[in-house]
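Asks: the following comprises the amino acid sequence and a computationally predicted model.
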Amino acid sequence: MSGAALGETCEPCEPQACVVSLPPDKSTLLSNVLVCLDAGGYKRCDVLLAGGRIAKMSEPNKISASEGMEVIDGGERMLLPGFVNA
């Protein structure tokens, strides 16, 4: 199975082909991505990933991208946790 390149649009595609691995040594900003809330429901947020982890979440357009940071437009995407079939 091949994945989309970082930040590349993968429409139309099979859901599995839209999985994108992010480099752990680089910060990435997911802009305006849909996230599932603990209390139920969904909300659009900016999500900053650093060191392979979520470093910060905020309202859309509140996190500024620094120089060299990868920015992915999440306007048509949903952020989901990693799933493990154990």
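Replies: Happy to help now that I have it. Numbering: from 1, shown residues only.
Asks: tally of neighbours for residue 25?
Replies: Counted with other CB atoms under 10 Å, the neighbours of residue 25 add up to 8. Where you see a C-beta, it was placed from the backbone N, CA and C, and this is true even at glycine.
Asks: per-residue pLDDT, the closest residue to it other than its chain neighbours?
Replies: Excluding the flanking residues, the one nearest residue 25 by CB to CB, 6 or more residues apart in numbering is residue 51, at 7.5 Å. pLDDT for residue 51: 83.
Asks: ok, now how distant is residue 61 from residue 32?
Replies: 7 Å (CB to CB, to the nearest Å).
Asks: those two: which is more packed in?
Replies: residue 32 (17 against 10).
Asks: tell me the secondary structure at the more buried one.
Replies: strand (DSSP: H, G, I helix; E, B strand; the rest coil).
Asks: so who does it touch?
Replies: The contact partners of residue 32, by CB atoms under 8 Å, 6 or more residues apart in numbering, come to 44-46, 60-61, 73-75.
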